[in-house]
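# sequence and predicted structure, then a few things I'm wondering about:
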Amino acid sequence: DFYETGGHKGFMIDQGGGALISMVLFGFWRSRTHLADVFLRALGLRAQGEDEDEGLSARGALILFSVCFSGAVLWLVRAGVGLGFALLVIVSLLVILTGVTRLACEGGLFYVQSDISTSEILNVAFTPLGLGPGALVPLGMWSRVFAFDWGRTSPMPSMMHALKLSSDLRMSKRPLVLGMAVAMLLALGLGFCSFMYIAFHPPGGARQFEGGNSWTMGALPEDDFKHSASKVSQILALDKKFDENFAALAVAQGALAQERAAAELKAAEQARRKGERIRLPEALVTKGLVPEAKVREILEHNEIVPAAELPASATRDWKRVFWLCLGAVLMVVFMLLRTHIFWWPHPMGYVTWMHPHPMEKLWFPIFLGWLMKWAITQYGGFRIYLKLRRLFIGLVVGEVAAAGFWIAIAWITGTKNTYGIHIN
C-alpha cells in the first residue's frame, strides 16, 4: 500500500513532503530581494514608507516573530529536547505551514493534510537513536498538536485569505490584524476551556466523542504513543546491550586501564547519542586489555554492537531519504519549467502526494467544478459566468446553513448522529 507508514510510504508521501519543502525554499529564494528589504526596514536601515499598507510594521513583525520563535524553542528545550533539535523543529514547522498555506490560498484547497510532520523529518534525518528517548515523546506530542489536519486547524491559511480580501476591498489591514489577534486569543481560551470541560466532565471523558468511536481521542493518540513506546524500548534495549558488551571487554582490566576505558566509554557514549558509528576504544585492543576471543569478535565487526543487531530505531531509512530528495529535486525542476514555459501547469498537485487522503475525497468535486466552469465560459461567455457565480456560492452557503441548522436542533433536543458536514 503506497499510503502506509512502512513499505512503500516513501513512494508517495515522502516525495510529496520533499516537494513541499522544495516549493517553499524555492519561493523564499525567488522573494529574497523583498525579504531582505523587509528585514532592513525592520532594523531601521531603510525607510518605513512601504509599511503603511501592511497589517504590521516590519519592525513590529520582526519583534513578534523573534519573541514567538524564542518562546517556542524555550518550550521544547524545557520539555527535554536539545537546543539544536528544537531550532530545527521550529524551522521545519514554519516551512511546512508556509507550504500548506500556499496550497490552500493559491490552489484553493480547503482541506490539506501532510504526513510529513516536524517530528517525522527529524526521525528520518537523525534516527530515533540520534534524537534520544528524552526527546522522542515530547517531539511526537508537540508535532501532533501543530500538525493535526494542517489545513483545517491551522489559522495561517484563513489569515492569509483575510489579508488578501482586505487588499482586494482596499481595507485598512491594521484594524483587521488587531481583530484577528483578539479573535485568536478568545478562540484559544474558549476552545481550551470548553475542550477540557467536554473531555473530562461527562461520563467516559474524551472517549465518548463521536459515539465512543473517536479517532481523535482514541485510535490516533493510542497509535502515536505505541509507536513512540516501541522506539524507546528499542533504544533502551540497545543501551543495555551496549553496556553488557562493554562490561565484558573490561573484565580483565586493572585500575589504571579502567580509568582510561571509562574516559573512552564516555566518548563512545557521546558518539552513540549523536547517531555516529560506535567503535571499540583503540587503547583496549592495542594494550591487550581485552580477552583475545572478544578482540577477534569486535575487530570482525569493528563495533561494540554489530550493525546486524542494531534495531530500526538506530538505523537511517535510506529509502525514505531517497524519496524525500527525489521529490525535492523534481519539484525544483517543475518550478523552473513553470517559470520559463508559460503553459506548464502548477506542480502543486505533486505536493499533495504528502497525504493522498484529501485528494481521494476532493478530486471529483474539483474536476466537476472545473468542467462546469469550462462549459460556462466556453458556451456562455464571461458575462454568464459572472452571473452564475452567485448560484454556486448559494449552493455552498445553503449546504453550510442546513448543516448548522440541524446541528443546532440536535444540540437543543439532545439528539446525536444527526446531519452534518463530514469529509473524513
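That came through fine. The structure displayed is predicted, hence computed values, not measured ones.
# which elements pack onto the host helix or strand of L163?
L163 is part of helix 156-168 when elements are defined by DSSP states H and E. On a contact count with 3 or more C-beta pairs under 8 Å, 6 or more residues apart in numbering; DSSP states H and E, helix 156-168 meets helix 83-107, helix 173-200. For every residue, glycine as well, the C-beta is placed using N, CA and C.
# could you give the angle of the shortest one to helix 156-168?
Here the directions of helix 83-107 and helix 156-168 differ by 50 degrees (axes from the mean of the first three to the mean of the last three C-alpha atoms, to 10 degrees).
# what about helix 83-107, distance to the chain center?
Centroid separation for helix 83-107 versus its chain: 7 Å, with C-alpha atoms, centre = their mean, to the nearest Å.
# other residues contacting the helix holding L163?
Outside of helix 156-168, the residues within contact range by C-beta atoms under 8 Å, 6 or more residues apart in numbering are 55, 97-98, 100-101, 104-105, 112, 151, 171-173, 176-177, 180.
# just the helices and strands packed on helix 156-168: most buried one?
helix 83-107 (a mean of 19; mean count of other C-beta atoms under 10 Å).
# state the next helix or strand along the chain beyond that one.
Immediately after helix 83-107, counting by DSSP H and E, sits helix 118-131.
# what's the angle between the next helix or strand after that next one and helix 118-131?
In the C-terminal direction, the helix or strand that comes right after helix 118-131 (DSSP H and E) is helix 133-147. Inter-element angle recorded for helix 133-147 and helix 118-131: 180 degrees (by the same axes, to 10 degrees).
# show me what helix 133-147 is packed up against.
Secondary elements touching helix 133-147 (3+ C-beta pairs under 8 Å, 6+ apart): helix 58-78, helix 83-107, helix 118-131, helix 220-249.
# how does it look with 6 Å?
helix 118-131, helix 220-249 (3 or more C-beta pairs under 6 Å, 6 or more residues apart in numbering; DSSP states H and E).
# identify each buried residue in it, please.
By neighbour count on 16 or more other C-beta atoms under 10 Å, the buried set for helix 133-147 is 133, 135-140, 142-143, 146-147.
# with just CA atoms, put the helix holding L163 into CSV.
Included here for helix 156-168 are C-alpha records, laid out as CSV according to Å, rounded to 0.1, in the frame of the first residue of the first chain:
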residue,chain,number,x,y,z
MET,A,156,-2.5,30.7,8.9
PRO,A,157,-4.4,29.9,5.6
SER,A,158,-7.5,31.7,7.0
MET,A,159,-5.4,34.8,8.0
MET,A,160,-3.9,34.9,4.5
HIS,A,161,-7.3,34.7,2.9
ALA,A,162,-8.5,37.6,5.1
LEU,A,163,-5.5,39.8,4.2
LYS,A,164,-6.0,39.1,0.5
LEU,A,165,-9.6,40.1,0.7
SER,A,166,-8.7,43.3,2.6
SER,A,167,-6.3,44.1,-0.3
ASP,A,168,-9.0,43.5,-2.9
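# return the distance of that helix from the chain's centre.
23 Å.
# for this structure, give me the ranges with low pLDDT.
By pLDDT under 70, the weakly predicted segments of the chain are 1-10, 48-52, 147-152, 207-214, 244-308, 416-424.
# quick check on the most centrally placed residue in it: phi, psi?
Central residue of the chain (C-alpha atoms, centre = their mean): S117, 2.3 Å from the mean position. Backbone torsions for S117, taken as degrees, to the nearest 10, come to phi -100, psi 180.
# quick check, it in contact with S143.
Yes - proximity of S117 to S143 meets the contact threshold set by C-beta atoms under 6 Å, at 4.5 Å.
# intersection of neighbour lists for those two?
With C-beta atoms under 6 Å, 6 or more residues apart in numbering applied, the contact sets of S117 and S143 do not overlap.
# thinking again about what came up before, what would the buried residues of helix 133-147 look like in a markdown table with distance to M196?
Formatted as a markdown table, those follow (distance: C-beta to C-beta, whole Å):
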| residue | distance to M196 |
| --- | --- |
| P133 | 29 |
| A135 | 27 |
| L136 | 26 |
| V137 | 21 |
| P138 | 20 |
| L139 | 23 |
| G140 | 21 |
| W142 | 19 |
| S143 | 21 |
| F146 | 19 |
| A147 | 21 |
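# just the closest of those residues to V232, please.
Nearest to V232 out of the buried residues of helix 133-147 is P133 (C-beta to C-beta; 4.6 Å).
# and the helices in the stretch 201-350 of the chain?
Using DSSP state H, counting those that start in this stretch, the helices of the stretch 201-350 of the chain run over 220-249, 255-273, 282-286, 292-301, 318-340, 348-351.
# in the shortest one, what's buried?
This means helix 348-351. 348, 350-351.
# list of residues touching the helix or strand just after that helix?
The C-terminal neighbour of helix 348-351 among helices and strands, as given by DSSP H and E, is helix 357-379. Helix 357-379 is contacted from outside by 111, 113, 352, 384-385, 388, 423, using C-beta under 6 Å, 6+ apart.
# same for whichever helix or strand comes after helix 357-379, what does it pack against?
Following helix 357-379 in sequence order, the next helix or strand is helix 381-413 (DSSP H and E). With contacts defined as 3+ C-beta pairs under 6 Å, 6+ apart, helix 381-413 has these neighbours: helix 357-379.
# may I have the helix it packs on as CSV, with CA atoms only?
Provided in CSV are the C-alpha atoms of helix 357-379 (Å, rounded to 0.1, in the frame of the first residue of the first chain):
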residue,chain,number,x,y,z
HIS,A,357,-6.5,11.3,1.6
PRO,A,358,-7.7,14.9,0.8
MET,A,359,-7.3,14.2,-3.0
GLU,A,360,-9.2,10.9,-2.6
LYS,A,361,-12.2,12.9,-1.3
LEU,A,362,-11.9,16.1,-3.3
TRP,A,363,-10.7,15.1,-6.8
PHE,A,364,-14.2,14.6,-8.3
PRO,A,365,-15.7,17.8,-6.9
ILE,A,366,-12.7,19.7,-8.2
PHE,A,367,-13.0,18.1,-11.5
LEU,A,368,-16.7,18.8,-11.6
GLY,A,369,-16.2,22.4,-10.8
TRP,A,370,-13.5,22.8,-13.4
LEU,A,371,-15.8,21.1,-16.0
MET,A,372,-18.7,23.4,-15.2
LYS,A,373,-16.5,26.5,-15.3
TRP,A,374,-15.1,25.4,-18.7
ALA,A,375,-18.5,24.7,-20.1
ILE,A,376,-20.0,28.0,-18.9
THR,A,377,-17.1,30.2,-20.2
GLN,A,378,-16.9,28.2,-23.4
TYR,A,379,-20.6,28.4,-24.4
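# cool, thanks, signing off.
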